[in-house]
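# Here is a sequence together with a model predicted from it:
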Amino acid sequence: MSVLRLSVQHGTTREQARDRVAQAITAAAAKVGPLLRGAQWSADRDAVKLNGPGFVVDLTIDDREVHMVADVSGLGGLLGSPVVAGIKQVLEQTFHKRLT
């Protein structure tokens with residue numbers, strides 16, 4: 001199992017960060033197409049789980065940061081890894097900051 005943990009300070013209100021994460025997910029879905037099979041939001045929209053073949057990405061939003069935990073495991077990781085890289089790139093572009 002390969003797990004990648006990254007965070008970015010959003011520098012906005014929590015509500016604005018939620019909106020930006022939603023925009024980033026839409027952009028990522030357009031970029032990776034059918035490899036992104038689903039997005040399940042929490043009731044308060046402070047967390048979203050993305051999944052597809054060989055990967056699961058959890059995004060959470062707090063008052064200061066957006067956190068990404070990506071699990072790319074097994075042979076499915078061959079497909080999942082480029083998807084995770086695409087999601088990371090879209091988040092960096094959305095927040096104009098590098099994920100660390």
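That came through, no problem.
# now the strands: where do they sit in this structure?
Remark: strands assigned in the chain by DSSP state E are 2-9, 38-41, 47-52, 55-61, 65-72.
# So what are the sheet partners of the fourth one and their directions?
So that's strand 55-61. strand 47-52 (antiparallel), strand 65-72 (antiparallel) (DSSP bridges).
# ok, back up a step: what about the strands of the chain, which gets the closest to Gln16?
Nearest to Gln16 among those is strand 55-61 (9.9 Å), distances taken as CB to CB. From N, CA and C alone the C-beta is placed, and that goes for glycine too.
# rewinding a little: export the strands of the chain to a markdown table and tack on mean pLDDT, distance to Val21 and mean neighbour count?
Output for the strands of the chain, formatted as a markdown table (pLDDT from 0 to 100; distance: least, CB to CB, whole Å; neighbours: other CB atoms under 10 Å):
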| stretch | mean pLDDT | distance to Val21 | mean neighbour count |
| --- | --- | --- | --- |
| strand 2-9 | 85 | 10 | 15 |
| strand 38-41 | 92 | 10 | 12 |
| strand 47-52 | 92 | 7 | 18 |
| strand 55-61 | 92 | 6 | 20 |
| strand 65-72 | 89 | 6 | 19 |
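# Many thanks, we can stop here.
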